[in-house]
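Asker: My questions are about this predicted structure, shown below with the sequence.
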Amino acid sequence: MASFLPILAPEDIQRAAQVQEQRRLQSGLFELQRRWEAWGLVVPFLFEHSDPNVQFFGAHTAQVKISRDWKTFPSDQSDELIPFLLGITGRSIALDRNKVILRKLFVALSTLALRLVPQDPPRWPDWIVTTSTELSNAGASTEHILDFLEIAIEEVNGADLLPAKRFQMLQSLKDAVPLVTQAIASSISPSTDPPKLRQLQSAVSEVTPILPLLFTLLDPAAPTFQPAISAILAWCAQAGPPIIDAALRDGPDETASALCRLLAGLGDHSTAYLAENLNAPLVQAFLRLMLAFTALPGSYGVEEEESEQALWAVEFPPESEVAREKEMWALAKAVYAELVAVLRTKVRWSTPPSGWGKDQVERFQVYRRDVGDTLINAYYVLRDAMLAYYLEDFTEKLSKRNEIGGWEEVEATLHALCPYKKPSHWSLITFIAPFQPRNHRLLPTSGSHRVRRTMVGLIGSYASWFTSLPAEPSLCLPAANALRDLCDANRTALAPHITAFGELHAGLSNVQDTEKAKVLQSISSVIQALPPEEEIPPVEAIVQPVVAKLFHALQSSSQLPGEARSLAIQQLQTLSGVAKGLTCTSDVTDLESSPATEEIKRMERARDDIRMVRLREDMLRAIQGTVELWSTDAGISEALSDLFKSITALSADATLLSLPPGPLLELVCRAAQRQLTAVWLALANMLIIQLDPPAPFTVSLRAVPSQEVLSVVRDVVGVLLQATLETLGVEGAMEANPDIVQDFFNFVEKVSFHFVTVFYQLPRESFDALVQCAISALSLQERYSLVAASTFLTALIKDTQANDDLADAKKLLLEKHGSEIMRSLLIGFAGVSPKSAVPNLVELFSSLIAKAPLESKQWILQILYGSDFAQSRAGPEAKDAFVKAVFGSSRSIRRTRDAVRQFTIVARGQEGSNFGFTW
């Protein structure tokens, strides 16, 4: 069939085709496929054997030889592959070969195009048109053509090409858009004849897979966009109504699902076009179809699966041209008026017992949240009209609750009101219906009705608009959360009512600890708005019982260990909530201003009150006991971590309960010595910064830490360094504990920035072990650990060089460890390090060269040309170019980065790919 291809002997072909032989000698067959002679398998396997597996292997061989072994094919004969592949593909279609075989041949054609098209000049520029025409002449159906187009677009989109070559391939696809559109539009001619309509409906499933890919090629600025989008809309308008009718009558089938995906894809791609052409009949037909899918009877995830896809395709940007045209804006309002009515119905839960499975319940909950996002978009079109509709509906449904049966209808309307949280949404509504006493008193006050949870959730959503609401924290956890949000948003407004909150606190004896913690955080938020000296009695009243319960848990741990542990966790979480509530939520921007300075002084005087001093001492003793007893427990560790983060602050943000970082760092060290985890390292990272608070804004130079602070830092670093080296010193420990590696190097990086001199006060062997540990981490494959180690070494070099008190240390650091750091970097560039981490390694590389240029050049020459350098594809020429670029006369950070990028690409054998173009 093609004289330029080799011919195998008949006995070789027969032997290769035997199924049992093929299985037994599979490795030999694939080895044969690697040879040039494997081209001789394509035609015999495709057309001389009836076994579909043999036929598929023939098609697969053609595709593999082009994609994998292209360099072995004679370049002067590559153009002859075009008629060859078109011929065997057309012949396979005529012989009605298996669809899987045909799709593999389509992949081979697309792979050949990826080889021939992106050249200068292109050697197959019209490959889409040529292939479609040749296949049609060979008897290919519309389905075959669409399969080819789908695969062609997928292969081009997934190809790893340089930007210029990718542009050429995408342009070849865009040039074929008119042909594709014509094929789709002419595949079925418009008709009202029932057989023609059935044909039109069946074509939906065939065309749908290619349309989302085609949408990516439709450029609104191109002259082909208008006819293409019109053809697709016309096709939808013709095919859609009978499919919708069938779905309403019999339920959605595969054809209906395919049409819904088609419409959703078109809406996602062409939102602006649809919004600006609302008055066009085809666009209105499109919207009617979308609304029909949105309003399908039944609950999403149970009776139907399509309505969720239709949520996104009807969104109109508020800044579009629609807003400037009265007629168009009226049409948009009409669309959304119908949509909000439909969605209120769609979010309605089934009357219990529904019989739904757990997964169906979860999917419906997600669907309800997605509906909320769509309703927010609808609000920007309808504004007060939408809110008025829902509020009127709420009042009506509430008044007729006995007639409609159950609370599901009322709950659906309340849920539809939940998404609107921004103040601007309520500029015209000062007192809405659900919160009027005559209405909310009609809601159930007992039982497990979902409407109760939705109502208290609604209260929490609109906390910013109410200074007080009747709250029953014993109802459920959502009620406590709502109260917390309400108090946090209205601290100052609620502060005059602190007595009422005291009564609320007194009535919490029957409330579960989980809800009580939320309520105490709510009360603490209100307390924070009081003057500092007035905070003292209520803080003591709510915190002292919690601390007492924590001591009780410690004392009962030997008799009831499980119950004591749970009680301790709950009290730690409660203390965290109180500390968060007492923390001011507004930023202090000017510490030098008189009001801010006076407020800080008032807080200092209140903190010095003997009652608060004793309370903080009791808290610290309880925390110390908890660490001593349960620091290795994961649940306790998590609770302690949250408490430490909540109860520490800089002096300007201190509360009555704030604890100093020093004693807490001591506890962190004790816990880390027992069992090192990322939790303790992360806390050390946070607390160490607080030992070096920022200087006032008027001071230009950083404050020098006191000797006492340096002593604390040195002790903490020594303990955590020893614990880390013991943990990570075991073979494979770094790879097995990436969280510890990352958080440890994050910690020492912060120490370097704030207290770099401390490292050089450590025993020499400890410091050397720290640096060697970081160098070892540079060879890790886990990116975040590697980057953390690289960042630490970069900071250590820079901070050491910048400190005038470390003149001797500067030389010592680089003489002792510079060569090893450079070796790890160069080996990493050559292929050891993941390529995503190379940009971070470049920062360390640049710092090393900048601080020690002469030594760095010597190290690079010794390492790069050494016999023990890592195996890579970088030869002497590439190494010479790298050294020249890094140490050239016009050296800069950018040139260094470019040199490393080029060396990395060459060393890893990735020339011709797009690696590095995202740096």
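Answerer: That came through, no problem. Numbers count the residues shown, from 1 in each chain.
Asker: ok, and the closest non-adjacent residue to the spatially most central residue of the chain?
Answerer: Nearest to the mean C-alpha position of the chain, by C-alpha atoms, centre = their mean, lies residue 784 at 16.3 Å. Computed as C-beta to C-beta, 6 or more residues apart in numbering, the closest residue to residue 784 that is not its neighbour in sequence is residue 742, at 5.0 Å. Where C-beta positions appear, they are placed from N, C-alpha and C, glycine not excepted.
Asker: Assess the claim that that neighbour and residue 786 are in contact.
Answerer: No. Residue 742 lies out of contact with residue 786 (C-beta atoms under 8 Å); the separation is 9.2 Å.
Asker: higher neighbour count, these two?
Answerer: Per other C-beta atoms under 10 Å, whichever of residue 742 and residue 786 has more neighbours is residue 786, with 27 against 23.
Asker: List the residues that contact the more buried one.
Answerer: Listed by C-beta atoms under 8 Å, 6 or more residues apart in numbering, the contact partners of residue 786 are 777-780, 833-834, 837, 840-841.
Asker: Turn those into JSON lines, including pLDDT and neighbour count.
Answerer: Listed next are the contacts of residue 786 as JSON lines, based on pLDDT from 0 to 100; neighbours: other C-beta atoms under 10 Å:
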{"residue": "777", "pLDDT": "92", "neighbour count": "25"}
{"residue": "778", "pLDDT": "91", "neighbour count": "24"}
{"residue": "779", "pLDDT": "89", "neighbour count": "14"}
{"residue": "780", "pLDDT": "89", "neighbour count": "23"}
{"residue": "833", "pLDDT": "86", "neighbour count": "24"}
{"residue": "834", "pLDDT": "85", "neighbour count": "14"}
{"residue": "837", "pLDDT": "85", "neighbour count": "20"}
{"residue": "840", "pLDDT": "87", "neighbour count": "18"}
{"residue": "841", "pLDDT": "91", "neighbour count": "24"}
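Asker: give me every residue that touches residue 865.
Answerer: 876, 879.
Asker: same thing but at 7 Å, please
Answerer: Shown in contact with residue 865 (C-beta atoms under 7 Å, 6 or more residues apart in numbering): residue 879.
Asker: Phi and psi next, for it.
Answerer: Taking degrees, to the nearest 10, you get phi -100, psi 10 for the backbone angles of residue 865.
Asker: Report the separation between it and residue 398.
Answerer: Residue 865 is 84 Å from residue 398, where distance means C-beta to C-beta, to the nearest Å.
Asker: residues near the closest residue to residue 48 other than its chain neighbours, how many?
Answerer: Nearest in space to residue 48, with sequence neighbours left out and distances taken as C-beta to C-beta, 6+ apart, is residue 13 at 7.1 Å. Look at residue 13: counted by other C-beta under 10 Å, it has 18 neighbours.
Asker: And residue 546, by the same measure?
Answerer: The tally of other residues near residue 546 (other C-beta under 10 Å) stands at 22.
Asker: Isn't it up against residue 574?
Answerer: Yes. Counting by C-beta atoms under 7 Å, residue 546 sits close enough to residue 574 to count as a contact (5.0 Å).
Asker: and the strand or helix carrying residue 519, how far from the chain's centre?
Answerer: For residue 519, the host element (DSSP states H and E) is helix 513-528. Helix 513-528 has its C-alpha centroid displaced from the chain centroid by 32 Å (C-alpha atoms, centre = their mean, to the nearest Å).
Asker: try stretch 157-170
Answerer: 26 Å.
Asker: Show me which residues of it are buried.
Answerer: 159, 161, 165-166, 168-170 (16 or more other C-beta atoms under 10 Å).
Asker: okay, it in CSV with CA atoms only?
Answerer: Below are the C-alpha coordinates for stretch 157-170, written out as CSV (Å, rounded to 0.1, in the frame of the first residue of the first chain):
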residue,chain,number,x,y,z
ASN,A,157,-4.8,21.0,24.2
GLY,A,158,-2.8,18.3,26.1
ALA,A,159,0.4,18.6,24.0
ASP,A,160,3.6,19.8,25.7
LEU,A,161,4.7,22.5,23.2
LEU,A,162,6.7,25.6,23.3
PRO,A,163,4.5,28.8,23.2
ALA,A,164,5.2,29.5,19.6
LYS,A,165,4.4,26.0,18.4
ARG,A,166,1.3,25.9,20.6
PHE,A,167,0.1,29.1,19.0
GLN,A,168,0.5,27.5,15.5
MET,A,169,-1.5,24.4,16.5
LEU,A,170,-4.3,26.4,18.2
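Asker: chain center to the helix or strand residue 362 falls within, what's the gap?
Answerer: Element membership of residue 362, judged by DSSP H and E, is helix 358-382. Centre-to-centre, helix 358-382 and its host chain are 20 Å apart (C-alpha atoms, centre = their mean).
Asker: Quick one: list the elements packing against that helix.
Answerer: helix 326-346 (3 or more C-beta pairs under 7 Å, 6 or more residues apart in numbering; DSSP states H and E).
Asker: avg pLDDT for the helix it packs on?
Answerer: Across helix 326-346, the average pLDDT comes to 85.
Asker: hey, C-alpha coordinates of it in CSV?
Answerer: Extracted C-alpha coordinates of helix 326-346, given in CSV (Å, rounded to 0.1, in the frame of the first residue of the first chain):
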residue,chain,number,x,y,z
LYS,A,326,-33.9,49.6,29.7
GLU,A,327,-35.5,47.0,27.5
MET,A,328,-32.7,44.5,28.0
TRP,A,329,-32.7,45.1,31.8
ALA,A,330,-36.4,44.5,31.9
LEU,A,331,-35.8,41.2,30.1
ALA,A,332,-33.1,40.3,32.6
LYS,A,333,-35.5,41.0,35.5
ALA,A,334,-38.2,38.9,33.9
VAL,A,335,-35.7,36.0,33.6
TYR,A,336,-34.5,36.3,37.2
ALA,A,337,-38.0,36.8,38.6
GLU,A,338,-38.9,33.3,37.2
LEU,A,339,-35.5,31.9,38.4
VAL,A,340,-35.8,33.0,42.1
ALA,A,341,-39.3,31.5,42.2
VAL,A,342,-38.0,28.2,40.8
LEU,A,343,-35.0,28.0,43.1
ARG,A,344,-37.1,28.5,46.2
THR,A,345,-39.0,25.4,45.3
LYS,A,346,-35.8,23.5,44.3
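Asker: Which positions within it qualify as buried?
Answerer: Residues of helix 326-346 classed as buried by neighbour count (16+ other C-beta under 10 Å): 328, 331-333, 335-337, 339-344, 346.
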